[in-house]
Structure formats: structure tokens, C-alpha cells
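Trainee: What follows is a predicted protein model with its sequence.
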Amino acid sequence: MVVRTKLRKVSILLALSLPAAFNPGLASGASDLASLRSGLAQFALDTHDPAAALRYTRNAVTEAERLVRAKALLVTGSYQEAEGLLNELLEGQYYRGQAALLLAELAAGHGGNGVREYLETAAKRASGSARQKALYRLAEIEREAGHTDRAGKVLASMEPGYWAALGYMNIAADYGRQDRNPSRALVALRVALAMSEGDVDSQRSQELRSRLLVRAGYLAYDHEDYEKAIGFLEKIPLESYRTPHGLYLHGLALSASGNQRAAMQSWHRAKKYPLAYPGVANAWLGTGRGYDLAGYLGQAGEAYLAANASYESERVTLRKLADQIRQKGAYQALVLDARNSEAQWFLADNRTLTQPRTAYLIRFIEQPTAQATVNRVAELREMRQTLNQREDSLAVFRGAISERLGPVGHDVGGGLFNEDIEVLVQRLANLKARTTSPAQREALKGAARTLADLKASVARLDGRLKEKDRTLNELITRTDLVRERIRAVRRKANALLGRAESELDELALAYVEAQDHRMAFALDRTEQQIAHLYEYLALENLERGQP
Amino acid sequence: MVAGAQQTVTVRRQGGVVWPVIVAMLVACLFGLTRSAFAESLDHEIDRLKADVADLSQTLYELEENVLYPVDTQVAVFLTLRNREGLDLDSVELYVNETPVASHLYTDQERDSLKQGGVQRLYIGNLPHGTHQLKAVLTARSANERFVRREATHQFRKRPGESRLQMTLDAAAPDYEPVVSFQEWK
């Protein structure tokens, strides 16, 4: 019996110690508070509050805390301190892989050395998504150096998922450029498609799948394998961002295989999308060409004229957009105005794909430079807004503290409360003698503890009241200092925002101008087609007029 | 002779065409370099500003807590998940002495963070010394696709100094019945 009890105790102890052994954040009983802090920091970081994460990890002890702190430091731009912590973690026990990956990203972003070594460590030590990301980056290093086979070997060691799919997609692009025969590229794309199914993020997986299908469809079409191209393109979901491009290519493949009617249906569907998307401008042209090839010359002329009108109207839209960028700035005209719409939620998905301004924003944001530039402006605007809110809160705090300054009242003091407490203690003692049940005794014990706590607080009250004004004045001084700091930081933020916004304006105007050139080029092509058509009709008429 | 003269003219013409192109390319390269250097310096300055703002935010948090939640009366309630897969939290409402003090609707990001070991501070406020009742009402979807709504209450005694209450949610297989446990920290 005793043995059984002992065994039970041991098993309970083991059960209690197991989670701690597997979770480095809960290493020992003494570190429970550290684990709470680490968890709080993790949650703050995950919910985009890096400042709170830094505050919770100020005295970071455990490796988990130091990792969260390093991540928060990276988010807030303190790279040197982050690097120091990550290097410590690299020598540590639990997070070597994650630290190595972060160090690799840091080195790559700042032109540092040792990216490959860090990635190799990450691939060896990390697990899950971090390991896959490290392997993908290693494969990319090989691919960019022209060693496609080595890159393939690295990719072959990866688990199915987003990163592997991305790696195979890039390899397929290389094969597509190098080979005259598309088979290697198509095989790589098929592998990428299979790998993308292993992605846990379904939205990301769908998006990548559409991208892969467009590429595969184009590659097959380019090598005159129209059936295969149609097969790939018909798998693209209709609500995808790649749909208009896919529809255009689908039309091309159908047209090339002689089915003009079906081709025009695809192009007609593609024409519903804004001209900003790839393939849409060509789909307008394709409709005219389709009628032409089908022998309906009148409809062909009308289709070309419609395309012409549509390109003209788009050029007007682009000119208006350029004017708005000059007047309101690119961030307001392109980003905020595209976001602010009164469309109902059930139209939101449709809107994102069919609104011309949103379409231009999406196309603009596809460029890495544009992403970085918009991100800078967005970050600085958010910072400015946060600083404004903080200053408002501080003004309220200052008012509240000022109200507490001055005498509290003549009759406030510890003595008065002590008398009341003594009366209550006496009543408690009387009741204690009359208790009959354990519950009653427990309740009285609790009340006695509270009275003892109150007595201790009251004992400190007189001292605190004497110190009150000094403490409050200290708080006011601290508040004023912080307000000054907020103003200084906001001035700096405003200056940087001005610079970032003017850079964005410049980039956006260049982009809009490039889009205008694209429309002008499309316009030239339709005009040429119309000219050819009229020329042909005139010659036909002449021939018919001859005896 | 005529052919030679023609050749000379051709060479001059080529030079005339090539030089402006080279100059234009150089200008374009310089412009590109200046632009990337400009962007880089802007990024450095933004990073420094971000660090300043983060530092300022920490100072502000401390100040706010000092002003709003004096240590002796401060009570904070935290939420953690014990089982990663058992529950998908939808919302939590918190009542102190039957008064609603906090309610939270969870985003996917927050749910993921809790599942990864994140701890959420659900509530921070002031309470007098003595006994109080904490009630939590949670709605969630369990791993066996059941929508659940559960209430849990906990009596606690507010004592001098910071009081921290940790609310842990568990839903173990096979029935994934939510169990709420409370732990007090000093």
C-alpha cells in the first residue's frame, strides 16, 4: 500500500515535470514568472506590439525570452542589439536554428557575410517552417549562382509546402529560359503544384497555385501544346488575381487550336477586369482578331473600335490618377482612396479585382521598390498617429495627477481607520467564539486576513499621505519629460514622412506614366488593326467593283 | 578616296551617337545609385526612429501603470491555453464581482499566438483588499467541431502588492470539454 502511494507520488511528479522538460520556457518552478513574462511578450509580439514585448523582456533570462526580445528588436530597427542576442542564442541550447535563420536574414538584408553558414546551421538545427525557409534560401543561393542541379538537390530534401513549391517554381523559370523543350520546366511546375498542396495556409496555397497554373499554361502555349495549356489554365480559380491573365492565355490557346468562338468567350470574360491586369488589354485586341479570323469583319471593326475607346478612357483615368497624385500625394490617391470604398462586404472580393484604382494599386505594389516605399510611408504615418494618441493620453494623465495635488482633507488619516479596524477585530473575535462549522471558521479566517492587510496598509497611509505631493510632482515632471520626447520624435517622424512621401509620389508618377505608355502602345496596335481592316475592305470593294 | 571619306563620316556619326548614349547610361546609373543610397539612408533613419518610438512606448507604459494602477490595488488577469489543439477560442468575457470588466473577440493571429504559448493580459484594474469573485464566460469551437459556451468562477482575495491571476484553458481529447483553472501569482 505504501509502495503504491509512493509510486503514485513519483508518477505525479514525473507528470508535472514532463511539460517543463519539453517546454524550455517552463524550465523550473522558479522560472514560472519568467515563463509568464515570456508568454506575455510572445503574445505582444504576435499581435504587433513590439514595444510591449520589449518591456516584458527587459530582464530577459530564459532563452525563450531572449528570442522574443531579439525578434522585437528586429521589428523596431535595433539591429545591433538584436544581433548580439541572436549570437548568444546561436551558442545556446534550444533556439539555435531560429537564431541562425534570423541572423541569415539580417546579414542578407544588410549586405553582411556568412549568410550561407547561418542558413546551413538553420537547416540543421531548426524545425518546421523555419527549416523549410532556410533550405529554400540555400536552394536560391545555388540557383542564383547558376547551379540549378544543386538547387534541385536541396529542394528534394524539403517537405511539401509553400517554400518547396516556391523553390520549384523558380527552378522552372530557369529551365524555361534555358531549354528549348519545355518538358523540364513543366515537370518542375507540376512538382511545384503538388508541393503547394502541402501548404497549411490555404489562401497562400491558392494564390501560388494560380500563379503556377498561369506559368504552366503559358509555357505549354508557347511550345504549341495547346491542349495541355488549356488543361492547366482551366484549373485557375475564377476569383483569383491571376484569372484575367489566365483567361487571356486560355483564349490564345483556344484560338491557336482553331476554336475562335470559345476563344472570344474567354477574352470577353477577361475584358470584365480592369485594364491594369496583365492580359486584359490584349484580350480586347483578341476579340477583334477573333472576329477577323472567324470571318466577321464588321464585328471585328466594331470590336477594335470598342478596344480603342476603352484604351482612350483608361488613359483619361490614368491622367486623372496622375493629377490626384500630384494634388493629394500618392499615398492618399493610390493607397487610401483605393481602400476607402462604400462597397458592402459581400461585394468586397469582387471589388478588389474589378476596381481600376485597386487594380493599379495591386500592380504597383507588385514591384519590390514600391512595396518598400509604401511600407515606409505607412509605418511613419502609423507612428505619427500613435504619437498623437500618446500625447493626448498624457495630457489627460497630467490633468488627473494635477487634480490629486493639494491637501486631502482634515479628517483623513490612519488613526480614524485604525479605530474602525479595532472595532471589527473585536467583532470578529466575538464571532469566532460562536462558530460551529468549518466553513464559518474558514470565512472568519479570511476576514481576519483582510483586516490584517488593511491594518498594514493603514499603517503606511500616514507616511504615504506625507509623501503624496512629492510623488505626484515627480510623476508630473516625468509626464512633462515624456511629452517633450513625444514632440521631438514626432518632429523627426514628420520630416522623414515628408521625404518618404515625396519618394513615393515620384515612383507612383513614373508608374502611372509607364501605364499610360502601355495604353498608348495598345492604342497604336488597335489603330493599326483598324487601318489594316479598312485597307482590306477597300481593296475588296475595289476588286468587287472591277468588271 | 570617296569610300575612305564615307568611312570617316560613318565613324564620326557612330561616335556622335554612342557618346550621348554612354553619358545617358552613366547619368541613369548615377541616378539609380543616388536613389538607392537615398532609400538606404531613409531606411536607417526610420529604423532609428522606430527604436526611439519603442523606447518611448516602454517609458509610457510604465508611467501609465504607475498613474492608473498603483501597485497595492493592482489586479491583472492573464489567459493561457494548455492544450494547443483542443479549442479555437471565439470570445472571452470577464466579470469582477458580477461587473463586466473586459471582453475580447479573438482574431486568427491571437488564437495562433495563444496556441504557440502566448499569454494574453485580459484585464488590469484596481480592487480593494478583500474577497472578490472573478467570472469568465468563454465561447469557443472545440476540436470535435462543437460550439461551446462555458462559465467559470473563481473566488480570490486581493492582498497588498500586485495580484496576478492566471486563467488556463484546457480541452483534452476525446471529448474536448473545456476546463478553466485559475492560478494566483504574487
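Mentor: That came through fine.

Trainee: Residues of the stretch 351-500 of chain A that sit close to chain B?
Mentor: A:369, A:372-373, A:376, A:379-380, A:383, A:386-387, A:390, A:393-394, A:397, A:400-401, A:446, A:449-450, A:453-454, A:456-457, A:475, A:478-479, A:482, A:485-486, A:489, A:492-493, A:496, A:499-500 (C-beta under 8 Å from any C-beta of the partner chain). No exception for glycine: its C-beta is placed from N, CA and C like everyone else's.

Trainee: what about 6 Å?
Mentor: Within the stretch 351-500 of chain A, the residues that sit near chain B (C-beta under 6 Å from any C-beta of the partner chain) are A:383, A:390, A:397, A:450, A:453-454, A:457, A:478, A:482, A:485, A:489, A:492-493, A:496, A:499.

Trainee: So what's the predicted local confidence for residue B:103?
Mentor: On the pLDDT scale, residue B:103 is placed at 94.

Trainee: Same question for residue B:171.
Mentor: pLDDT at residue B:171 comes out at 88.

Trainee: Which helix or strand lies directly C-terminal to the strand or helix carrying it?
Mentor: Using DSSP states H and E, residue B:171 sits within strand B:163-172. Counting by DSSP H and E, the next helix or strand C-terminal to strand B:163-172 is strand B:177-185.

Trainee: helices or strands up against that next one?
Mentor: Here strand B:177-185 touches strand B:147-158, strand B:163-172, going by 3 or more C-beta pairs under 6 Å, 6 or more residues apart in numbering or on different chains; DSSP states H and E.

Trainee: Now with 8 Å, please.
Mentor: Strand B:177-185 sits against helix A:32-46, strand B:130-142, strand B:147-158, strand B:163-172, with contacts defined as 3 or more C-beta pairs under 8 Å, 6 or more residues apart in numbering or on different chains; DSSP states H and E.

Trainee: average pLDDT across the helix or strand following the longest one?
Mentor: Moving toward the C-terminus from helix A:32-46, the first helix or strand encountered (DSSP H and E) is helix A:50-56. In this model, helix A:50-56 has a mean pLDDT of 92.

Trainee: buried stuff in helix A:50-56?
Mentor: A:50, A:51, A:52, A:53, A:54, A:55, A:56 (16 or more other C-beta atoms under 10 Å in any protein chain shown).

Trainee: tell me the contacts of the first one?
Mentor: For residue A:50, the set of contacting residues under the criterion of C-beta atoms under 8 Å, 6 or more residues apart in numbering or on different chains consists of A:44, A:71, A:72, A:75, A:76, B:54.

Trainee: now the residues of the stretch 351-500 of chain A next to chain B: which count as buried?
Mentor: Applying 16+ other C-beta under 10 Å to these flags A:383, A:390, A:397, A:450, A:453-454, A:457, A:478, A:482, A:485, A:489, A:492-493, A:496, A:499 as buried.

Trainee: all strands of the stretch 401-547 of chain A, in order?
Mentor: For the stretch 401-547 of chain A, no strands are identified by DSSP state E, counting those that start in this stretch.

Trainee: where along it do the helices fall?
Mentor: Using DSSP state H, counting those that start in this stretch, the helices of the stretch 401-547 of chain A run over A:414-434, A:438-545.

Trainee: ok, and which of the ones you listed has the densest surroundings?
Mentor: Comparing the helices of the stretch 401-547 of chain A by mean neighbour count (mean count of other C-beta atoms under 10 Å in any protein chain shown), helix A:438-545 comes out on top with a mean of 15.

Trainee: Quick check: mean pLDDT of that helix?
Mentor: So the average pLDDT for helix A:438-545 ends up being 88.

Trainee: Could you check the angle it makes with strand B:130-142?
Mentor: Angle of helix A:438-545 versus strand B:130-142, following axes from the mean of the first three to the mean of the last three C-alpha atoms, to 10 degrees, is 40 degrees.

Trainee: for helix A:438-545, the distance to its chain's centre please.
Mentor: 14 Å (C-alpha atoms, centre = their mean, to the nearest Å).

Trainee: what's the angle between that helix and strand B:147-158?
Mentor: On the basis of the same axes, to 10 degrees, helix A:438-545 is oriented at 140 degrees to strand B:147-158.

Trainee: and helix A:438-545 with helix A:414-434, angle?
Mentor: Using the same axes, to 10 degrees, helix A:438-545 lies at 110 degrees relative to helix A:414-434.

Trainee: Any idea which helix or strand in chain B has the lowest mean pLDDT?
Mentor: helix B:2-68 (a mean of 65; mean pLDDT, DSSP states H and E).

Trainee: what pLDDT does residue A:329 get?
Mentor: Looking at residue A:329, the pLDDT reads 91.

Trainee: any idea how far it is from chain B?
Mentor: 16 Å (C-beta to the nearest C-beta, to the nearest Å).

Trainee: which residues sit in contact with that residue?
Mentor: With C-beta under 8 Å, 6+ apart, residue A:329 has these contacts: A:501, A:504, A:505.

Trainee: And it, how far from residue A:490?
Mentor: In this view, residue A:329 and residue A:490 are 19 Å apart by C-beta to C-beta, to the nearest Å.

Trainee: on that earlier part again, neighbouring contacts of the strand holding residue B:171?
Mentor: A:36, B:74-83, B:86-87, B:89, B:119, B:122, B:127, B:134, B:136, B:138, B:140, B:142-143, B:152, B:154, B:156, B:177-186.

Trainee: and what of stretch A:471-482?
Mentor: Applying C-beta under 8 Å, 6+ apart, the set of residues contacting stretch A:471-482 is A:394, A:397-398, A:401-402, A:404-405, B:56, B:59-60, B:63, B:66-67.

Trainee: Put the alpha carbons of it into CSV.
Mentor: This file holds the C-alpha atoms of stretch A:471-482, laid out as CSV (Å, rounded to 0.1, in the frame of the first residue of the first chain):
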residue,chain,number,x,y,z
THR,A,471,5.4,61.7,-5.6
LEU,A,472,2.7,63.4,-7.7
ASN,A,473,5.1,66.2,-8.6
GLU,A,474,7.6,63.6,-9.6
LEU,A,475,5.0,62.0,-11.8
ILE,A,476,4.1,65.4,-13.4
THR,A,477,7.8,66.0,-14.1
ARG,A,478,8.1,62.6,-15.7
THR,A,479,4.9,63.2,-17.7
ASP,A,480,6.3,66.5,-19.0
LEU,A,481,9.6,65.0,-20.0
VAL,A,482,7.8,62.2,-21.9
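
Trainee: on that earlier part again, now for the residues of the stretch 351-500 of chain A next to chain B: which two are most distant?
Mentor: A:450 and A:499 (59.8 Å; C-beta to C-beta).

Trainee: what's the burial count for residue A:61?
Mentor: By other C-beta atoms under 10 Å in any protein chain shown, 14 other residues sit near residue A:61.

Trainee: residues of stretch A:365-382 that come out buried?
Mentor: By neighbour count with 16+ other C-beta under 10 Å, stretch A:365-382 contains the buried residues A:370, A:372, A:373, A:374, A:376, A:377, A:379, A:380, A:381.

Trainee: And residue A:226, how close does it get to residue A:253?
Mentor: 4 Å.

Trainee: Oops, could you answer that again for residue B:87 instead?
Mentor: For residue B:87, the distance to residue A:253 (C-beta to C-beta) stands at 49 Å.

Trainee: Residue A:90 now?
Mentor: For residue A:90 relative to residue A:253 (C-beta to C-beta), the value is 52 Å.

Trainee: Looking at the two, which one has more neighbours?
Mentor: Taking other C-beta under 10 Å, residue A:90 and residue A:253 do not tie; residue A:253 has more neighbours (28 against 19).

Trainee: for residue 101, what are its contacts?
Mentor: Looking at chain A here, since you left the chain open. By C-beta under 8 Å, 6+ apart, the residues touching residue A:101 are A:118, A:119, A:122, A:126, A:130, A:133, A:134.

Trainee: looking at chain B here, not the other one
Mentor: Counting by C-beta under 8 Å, 6+ apart, residue B:101 has contacts B:94, B:95, B:123, B:125.
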